[in-house]
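In: below are the sequence and a predicted model for it; my questions follow.
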Amino acid sequence: MQHTAGGVIKMSGGLLSFDSRVRTLLWDKTVLCVDLCHSSQVCTMSPPVRVIVVGAGCRGEIYAHFASIHPKRMQVVAVADPRKFARNKLQQKHKIDCENVFEDWQSIVEKEKFADAVVICTPDRLHRDPAVAFAKRGYHVLLEKPMATTAEDCRAIVEACTQSGVMLSVGHVLRYDPVIHKIKELIDAGAIGDVIHIQHLEPVGYYHFAHSFVRGNWRNEEESSFALLAKSCHDIDLIHHWAGGRRCVKVSSFGSVSHFLKEKKPKGAADRCLDCSVEKDCPYSACKIYLDAVKRGNTGWPVSVICPNSFPDVESVTGALKSGPYGRCVYECDNDVCSNQVVNMEFEGGLTAAFSMVAFTEEICKRKTTIYGSTGELSYDGHEIRVFDFLTQRSTKHTGSSDAPSHFGMSGHGGADYHLMDAFISAVANNDPSMIRSGPEETLMSHLLVFEAERSRVEGRVVHCGSCSQS
Ligand SMILES: NC(=O)c1ccc[n+]([C@@H]2O[C@H](COP(=O)([O-])OP(=O)(O)OC[C@H]3O[C@@H](n4cnc5c(N)ncnc54)[C@H](O)[C@@H]3O)[C@@H](O)[C@H]2O)c1
């Protein structure tokens, strides 16, 4: 009997194989047993992975929640956030010792290493420094996307992790969405032959865009990052992934801010929705998005975001709309990020891809994809996958299964946040980076492609990828 890498054991009479998560046991491709372990952890009795949370906002809270579900696998041992409300909330929920609650992450890296990993969920422009510092201190890093806001900083993060020998997982949660993962499995299994063309749409959602990209944290490039990076680095990463590691050779992009402009402000509209006489006719009214929602008892996203220092209720939401950024008229904000953008790509071997991001949609972030292959067509409507085979002229339908708890996090990205955390914690517990689907090299490549696409949009020309070291 010979044991080979990749989970295959050669035995006389056949091959006994198991997937990397030791979930499925196969005898010569026949499934013998599934779900050997309930989740992706390898069955060991290792102690919980000790995690530091840097940035205890929406994302930090969601990832930390994994410890509440699996206390034997993960423990939140420290938190850093300049917002007292946020850090205290996380401290109370995870019973973090008082001496491990910090206003800034620098105080943690100055200390002797006392945890296994760090989860970095700070705003986009505050990713590089903590990621590099924690990596150099020997902590495994889960870093929210985008990795950083410049190509140079993304490279610095990968370099620091590689040189320190620590694992890096980037918050490309869609890689962990079971249905989206199935697309890659089908491509790799040859379900549509050679991939020839990829068409991919990201419908952001009309009120989601108004919330995050007109009034909110990602509205202004100087303060956060451009829309293609902030919102669609997930999608360019998926396209790059589906292209199977081929290098993108040329990219072009167009896009602009539409509609959310001062000149589009309706006659008679006020600067704040609470004072506006025409608010009832406006789909983007903050009264509809936040106040009506909290009156109906909905305190989840996006209502949860707008009261940074208290729990949302009618009083605190009204206060936030009176004086905070989320009460502003969408035609009177300092937003400058694209509301619609297209990116065309040509990969090695002639594979082409066309991506669209648009704000003005009914669907909220439910991507739609069609992948055209030499022997079939694969389409994904945001819910299930359909594969049409040219030879048999038959179509088959596919979905993915998820054991993520339905209440995971505030949105959970259809279970993907849970699976990302599951993979990261397992990778650290088992010292096995292969469990991470959004690792350093591939993620860096797809981020560099995002910077090159944006360069094309800004400079109004086709960009030959790799032609500029700073791209
Ligand atoms: N993977 C995804 O799909 C996804 C979705 C949304 C946001 N994000 C990304 O996650 C990151 C966090 O987004 P969010 O929605 O949680 O934002 P958020 O504003 O809710 O949370 C950010 C937190 O970081 C804290 N912070 C600011 N400076 C800090 C510092 N120096 N040290 C420690 N904490 C600091 C803030 O006080 C805040 O609590 C962003 O980079 C964002 O782009 C990723």
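Out: That came through fine. Numbers count the residues shown, from 1 in each chain.
In: beyond the helix or strand where Glu452 lies, next helix or strand please.
Out: Element membership of Glu452, judged by DSSP states H and E, is helix 440-459. Downstream of helix 440-459, the next assigned helix or strand under DSSP H and E is strand 463-464.
In: list the contacts for the residue nearest to His211 when sequence neighbours are not counted?
Out: Using Cβ to Cβ, 6 or more residues apart in numbering and skipping residues adjacent in sequence, the residue nearest His211 is Pro302, 4.5 Å away. Quick note: C-beta positions are derived from backbone N, CA and C, even for glycine. Contacts for Pro302 (Cβ atoms under 8 Å, 6 or more residues apart in numbering) come out as 207-208, 211-212, 289-290.
In: next, format the residues you listed as JSON lines and append pLDDT and distance to the ligand.
Out: What follows is these, written out as JSON lines (pLDDT from 0 to 100; distance: Cβ to the nearest ligand atom, whole Å):
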{"residue": "Tyr207", "pLDDT": "98", "distance to the ligand": "16"}
{"residue": "His208", "pLDDT": "98", "distance to the ligand": "11"}
{"residue": "His211", "pLDDT": "98", "distance to the ligand": "11"}
{"residue": "Ser212", "pLDDT": "98", "distance to the ligand": "8"}
{"residue": "Ile289", "pLDDT": "98", "distance to the ligand": "17"}
{"residue": "Tyr290", "pLDDT": "98", "distance to the ligand": "16"}
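In: just the buried subset of those residues, written out for PyMOL, thanks.
Out: A single PyMOL command selects the buried members of the contacts of Pro302 (16 or more other Cβ atoms under 10 Å):
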select buried, resi 207+208+211+212+289+290
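In: now go through the contacts of Pro302 and say which are in helices.
Out: Members of the contacts of Pro302 lying in helices (criterion: DSSP state H): 207-208.
In: now, which of the contacts of Pro302 sits nearest Thr149?
Out: Proximity of the contacts of Pro302 to Thr149 (Cβ to Cβ) peaks at Ser212, which lies at 16.3 Å.
In: residues contacting the closest one?
Out: With contacts defined as Cβ under 8 Å, 6+ apart, Ser212 is in contact with 218-219, 231, 302.
In: one more pass at 6 Å, please.
Out: By Cβ atoms under 6 Å, 6 or more residues apart in numbering, the contact set of Ser212 is Trp218.
In: now Ile192
Out: When contacts are counted by Cβ under 6 Å, 6+ apart, Ile192 touches 373, 376, 378.
In: out of those, which is most surrounded?
Out: Neighbour counts for the contacts of Ile192 were taken using other Cβ atoms under 10 Å; the highest belongs to Leu378, with 24 neighbours.
In: so the residue nearest to His413 when sequence neighbours are not counted versus the ligand, what's the distance?
Out: Distances taken as Cβ to Cβ, 6+ apart place Val173 nearest to His413, at 4.7 Å, with adjacent residues excluded. From Val173 across to the ligand, the span is 5 Å (Cβ to the nearest ligand atom, to the nearest Å).
In: same check on Pro130?
Out: Counting by Cβ to the nearest ligand atom, the gap from Pro130 to the ligand is 7 Å.
In: Val387 too?
Out: Val387 is 27 Å from the ligand, by Cβ to the nearest ligand atom.
In: ok, that residue touching Gly190?
Out: No. If you go by Cβ atoms under 6 Å, Val387 and Gly190 don't touch, sitting 10.9 Å apart.
In: and whatever residue of the stretch 51-200 of the chain ends up closest to the ligand, what pLDDT?
Out: Closest residue of the stretch 51-200 of the chain to the ligand, Cβ to the nearest ligand atom: Gly57 (1.8 Å). Looking at Gly57, its pLDDT stands at 95.
In: quick check, Asp104 in a helix?
Out: No. Looking at Asp104 with DSSP: H, G, I helix; E, B strand; the rest coil, it is coil, so not inside a helix.
In: return the helix or strand in this protein with minimum mean pLDDT.
Out: None of the helices or strands of the chain scores lower by mean pLDDT, DSSP states H and E than strand 2-4, at a mean of 35.
In: quick one: stretch 243-261 to chain centroid distance?
Out: Stretch 243-261 sits 18 Å away from the centroid of its parent chain (Cα atoms, centre = their mean, to the nearest Å).
In: over to stretch 286-297?
Out: For stretch 286-297, the distance to the chain centre is 26 Å (Cα atoms, centre = their mean).
In: contacts for it, please.
Out: 207, 273, 279, 303, 306, 312, 314, 317, 321, 326-327.
In: which one (most neighbours) among these?
Out: Using other Cβ under 10 Å as the neighbour test, the contacts of stretch 286-297 are led by Val317, with 26 neighbours.
In: element containing that residue?
Out: Counting by DSSP H and E, Val317 is found in helix 314-323.
In: now that helix: mean pLDDT?
Out: Averaged across helix 314-323, pLDDT comes to 97.
In: packing partners of that helix?
Out: Where contact means 3 or more Cβ pairs under 6 Å, 6 or more residues apart in numbering; DSSP states H and E, helix 314-323 is not packed against any helix or strand.
In: other SSEs contacting whichever helix or strand comes after it?
Out: Downstream of helix 314-323, the first helix or strand assigned by DSSP H and E is strand 340-347. Judged by 3+ Cβ pairs under 6 Å, 6+ apart, the packing partners of strand 340-347 are strand 248-256, strand 352-358.
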